[in-house]
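**Q** Return a 3D structure for these sequence lines:
(chains A and B)
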Number of protein chains: 2
Amino acid sequence: MTISALQQARAQYQPKLPKSLKGAVKTVPGAATESIADQADIKKLFPNTYGMPIITFEEGGEGVSIPACNVGVILSGGQAPGGHNVISGIFDGIKKLNPESKLYGFLGGPGGLVDHKYMEITADYLEGFRNTGGFDIIGSGRTKLEEEAQFDKGLEILKKLDIKALVIIGGDDSNTNACVLAEYYAVKRAGVQVIGCPKTIDGDLKNEMIETSFGFDTAVKVYSELIGNIQRDANSAKKYWHFIKLMGRSASHIGLEAALQTQPNITLISEEVAAKKQTLGEIVNYMAGIIAKRAANGENFGVALIPEGLVEFVPEMKSLIEELNDLLAEGSAAEQEFKMIQKSHRLEWVAGKLSPKASAVFQSLPSSIATQLTLDRDPHGNVQVSLIETEKLLGEMVKTKLDEMKAAGEFKGKFGTQYHFFGYEGRCAAPSNFDADYCYSLGYTASFLIGSGKTGYMSSVRNTIAPADQWIAGGVPVTMMMNMEKRHGHMKPVIQKALVELDGAPFKYFVANREKWAVETSYLYPGPIQYWGPSEVCDRTTVTLQLEQAK
Amino acid sequence: MTISALQQARAQYQPKLPKSLKGAVKTVPGAATESIADQADIKKLFPNTYGMPIITFEEGGEGVSIPACNVGVILSGGQAPGGHNVISGIFDGIKKLNPESKLYGFLGGPGGLVDHKYMEITADYLEGFRNTGGFDIIGSGRTKLEEEAQFDKGLEILKKLDIKALVIIGGDDSNTNACVLAEYYAVKRAGVQVIGCPKTIDGDLKNEMIETSFGFDTAVKVYSELIGNIQRDANSAKKYWHFIKLMGRSASHIGLEAALQTQPNITLISEEVAAKKQTLGEIVNYMAGIIAKRAANGENFGVALIPEGLVEFVPEMKSLIEELNDLLAEGSAAEQEFKMIQKSHRLEWVAGKLSPKASAVFQSLPSSIATQLTLDRDPHGNVQVSLIETEKLLGEMVKTKLDEMKAAGEFKGKFGTQYHFFGYEGRCAAPSNFDADYCYSLGYTASFLIGSGKTGYMSSVRNTIAPADQWIAGGVPVTMMMNMEKRHGHMKPVIQKALVELDGAPFKYFVANREKWAVETSYLYPGPIQYWGPSEVCDRTTVTLQLEQAK
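**A** This is a model prediction of the structure:
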């Protein structure tokens, strides 16, 4: 296989580990833990894995050698840079504990466990994947491990391969399921430990003990490179407003971090929109106001960042979507009637059937978007929110608003747009030094959690704004991060999703600066991720992490 | 002003120069030159600037110091990485020749010369722009310098500022105009030299003496970084075909080079489409065939690169567009009639008015595209080809084709698409080491061409696959690159645009490999541009250049 020059050179990189993991390692348990809420409920659901102590690995101990222990690994959900390094860390870690231990990868995500699709990850095979992006080493998938039948099916193959521990690399849901699986195997005395690893470019799996999920650093740096380049273009050509949508539906960490790295003129944060119960009209007015202000200064250009999930955080849009789902429910009388109506009269008909409030919102939408909302349905018959091109929706509505303002003499500039959507561009980038080190350390830590017999833990590496040497490695009981939430009509134990905190340091820094960034052109151009060169360039962490961890 | 960590570190970079420019420089004239075609016509049009010798700068000479000479500089047309380094090179070069010389920048492109908008570029001001991307140092613009009135207006300000030489940094058209201006000022004995610099990310300004235009290297590397990341995602998720459109309407060098750097499954080259007189249907069949073959191997994913200008190279689409322009010419009786027709019947009506061949093509298009072709017009009343979303047009047509193949049992896979368009992401990236050095050398060379009294020359730096030290600096008479072409109905002298040569080494290499790349997954992941680190990573040139210059 031919590989690129960068891959060849990068293959030589030896990821950095916390000092505590380099030599003999001592397992230090802390105090017992509690879940963040709903303690009684969660304790009842997790009798074996609730209340366990936080584990810290420290230097020292006796340099244990443990019996050979086969380990399985699963990549779950969307790609994130650094997954291959987690696997490298697990591999090197279990081999350090006992060179006879083997690592098996289940293929194509959690489905591989259920369907008994796997491969042994050998040293030779692994070699080509160290420090590379992607999840192609064993593939990933979105099958959810939720049913006992799946757990039992999985156990068959685990037994057959003599696997004593399973590492599930995934986001909040996958780690929740990892813990359910850990508990299930514990109840069954199956002799299989389950350890989770915090992965997601969205950055919404974090808490007191998990400072950041892996992949966030690299992905946002790639997006920030591109945003910076586009800003420089905007400021050179001085003729376009670039509306840039960023992947991630459930939280705006990516947009916030990208804003901190690049200082664009406008950044919308979904969590703020929800908290302030903003309407689409208010958002459009806010954007148009900034565009008009810049135009008054002779600057008919700018950059706006828009989180992919925005419309679902706008209360009136959420209500509208719910009403549309009810109104046009598959097989309903109304749906039959709708289909019989001439296309050119459908929007009017729908508007007439909605509540007055929803109807007003519906009628304020550009007709292409309104049409899309009535037509495209997912397999469950619901409106496909993910298909809404939010950046174009806002662009068209802002244009309409600016036309009104122009007529009223409140806007004298020009407004031309370019649209972008960044997501796939960053999910499989080769990991930054930070993610390469962090992932390798997470994997290495997972192997020590296995070695010390733990189950229902998530691998945790903290103090991440310090040099890697000083990072603190250990394990956190997954139940500690849980609360009860309603999912598909039932109360379920889940890891609480970390949304952008409006009283957190990153958001407050953003708010303190955004008016200046809006009107002045204060663009930062972070450039591409660097692997060699000055440490302040190559080893910088995200601004979010710096602000959150600053004491 | 706050700048990013990368900018801070990169500001220290001292671009490399050819050895011949480092000390005392000797001007060595070669033999007289001729234009590549239409010699008599071009000689008549350029009595003062035709037939001049190629100039080479060599080490040695007397280390001339020349009288102080104010110089003006203009950035013309679209942004390209490295423009700021050309200006740095000019600045350092003219200061070396005489520290009293001043550099003026005309603002916002060639219009700045005509409108007398300018600034002095001082050492302090320049400092923040060295090795950065963008054209924001003085801005750029698309005003064409073609009228004598413009030349005279420009001369006023040149005289006022005592500017003896003007450097125009631009693409083929801007350099053609630079030569026309050089000739005009020569005829007028105006005492102003004009020098051109070869800029364009499109890579279509090159010939025997100009090995590559600046910015191509950096821009394609950024696109290749992203294509590589998307390929890795495709190969990890195994669920999408990514259709990626690449900026550049007149040539496919970007797509070809990106293909050589990343080895995607499908790359369309406009020049081949034109040469083979391919129909849209043939292109769609070709793509669907590859998709079906990969699906038969269980690989329902892939990456396809599509040049932005493709449809204009498809002969039947070109004819269709011409017919539509005639049929729906503004103010024509047909246009009036068209407007009166109910929207739902318009496409049918148009199809009935076209020639049978054009009508068949028109009816084969997805209705959204067909509608767009009849509705959106540019200010001249022409169909807006640039608005056609070629990647989606092909995606929809391929989908239709695959549905037919599925019905016929010839395709058993799945086909899901993601669309991307890359252009603005790379035009203002910070220049790669190659472009940083090449641009600085081009600017430095320009100052020596000024110092040796030349006009109507383009700055030329050759032997670019060798280390910068061994590059050959000099000047090429612009007339040497010209031929006569019909533009807007008149024969005009123009620099011949360099299209992808189907018998050139880069295309032949691509053809020799594309069948393998189509079916096998041979992706390369070049990663982001690196400024520090191993030379084989940081200083690699484009594959196009390596293949073209390989002896």
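**Q** what sits against the nearest residue to residue A:15 once chain neighbours are set aside?
**A** Using Cβ to Cβ, 6 or more residues apart in numbering or on different chains and skipping residues adjacent in sequence, the residue nearest residue A:15 is residue A:440, 3.6 Å away. Every C-beta, even on glycine, is put in place using the N, C-alpha and C of the backbone. Contact analysis of residue A:440 by Cβ atoms under 8 Å, 6 or more residues apart in numbering or on different chains lists A:15, A:16, A:17, A:85, A:86, A:88, A:89, A:92.
**Q** Recalculate using a threshold of 7 Å.
**A** Residue A:440 sits next to A:15, A:17, A:85, A:88, A:89 when contact means Cβ atoms under 7 Å, 6 or more residues apart in numbering or on different chains.
**Q** Which residues of the stretch 351-500 of chain A lie near chain B?
**A** A:418, A:424, A:425, A:426, A:427, A:428, A:429, A:430 (Cβ under 7 Å from any Cβ of the partner chain).
**Q** which one of these sits closest to chain B?
**A** residue A:428 (3.7 Å; Cβ to the nearest Cβ).
**Q** Please report the number of neighbouring residues for that closest one.
**A** By other Cβ atoms under 10 Å in any protein chain shown, the residues close to residue A:428 number 33.
**Q** Could you report the distance from the nearest residue to it once chain neighbours are set aside to residue A:2?
**A** Nearest residue to residue A:428, sequence neighbours excluded (Cβ to Cβ, 6+ apart): residue B:232, at 3.7 Å. Counting by Cβ to Cβ, to the nearest Å, the separation of residue B:232 from residue A:2 is 15 Å.
**Q** which one of these two has more residues nearby?
**A** The residue with more neighbours, out of residue B:232 and residue A:2, is residue B:232; 24 against 9, by other Cβ under 10 Å.
**Q** After whichever helix or strand that one is part of, which helix or strand is next? Please name it.
**A** Assigned by DSSP states H and E, residue B:232 falls within helix B:216-237. Per DSSP H and E, the first helix or strand lying C-terminal to helix B:216-237 is strand B:241-246.
**Q** rewinding a little: the helix holding residue B:232 to strand B:241-246, inter-axis angle?
**A** Calculated by axes from the mean of the first three to the mean of the last three Cα atoms, to 10 degrees, helix B:216-237 forms an angle of 170 degrees with strand B:241-246.
**Q** chain center to helix B:216-237, what's the gap?
**A** 19 Å (Cα atoms, centre = their mean, to the nearest Å).
**Q** I'd like to know how far residue A:508 sits from residue A:550.
**A** Counting by Cβ to Cβ - residue A:508 and residue A:550 are separated by 12 Å.
**Q** neighbour-wise, which of the two wins?
**A** residue A:508 (13 against 8).
**Q** what residues are up against the more buried one?
**A** With contact set as Cβ under 7 Å, 6+ apart, residue A:508 has no partners.
**Q** what about residue A:388, how many residues close to it?
**A** Neighbour count of residue A:388, defined by other Cβ under 10 Å: 21.
**Q** Write out the residues of the stretch 101-250 of chain A neighbouring chain B.
**A** Taking Cβ under 7 Å from any Cβ as the contact definition, the stretch 101-250 of chain A meets chain B at A:133-136, A:139-140, A:226, A:229-230, A:232-233, A:235-238, A:242.
**Q** Give me the distance from the helix or strand harbouring residue A:437 to the chain's centre.
**A** Using DSSP H and E, residue A:437 falls within helix A:433-451. With Cα atoms, centre = their mean as the basis, helix A:433-451 stands 19 Å off its chain's centre.
**Q** I'd like to know which elements the host helix or strand of residue A:258 is packed against.
**A** Per DSSP H and E: residue A:258 is located in helix A:253-262. On a contact count with 3 or more Cβ pairs under 7 Å, 6 or more residues apart in numbering or on different chains; DSSP states H and E, helix A:253-262 meets helix A:216-237, strand A:241-246, strand A:302-307, helix A:505-519, helix A:543-549.
**Q** Let me know the angle separating the longest one from strand A:302-307.
**A** Going back to what we said before, that points to helix A:216-237. Using the same axes, to 10 degrees: helix A:216-237 against strand A:302-307 is 150 degrees.
**Q** Helix A:216-237 packs against which elements?
**A** strand A:241-246, helix A:253-262, strand A:302-307, helix A:424-427, helix A:433-451.
**Q** Quick check: mean pLDDT of the third one?
**A** When you say that, I think you mean strand A:302-307. Averaged over strand A:302-307, pLDDT sits at 98.
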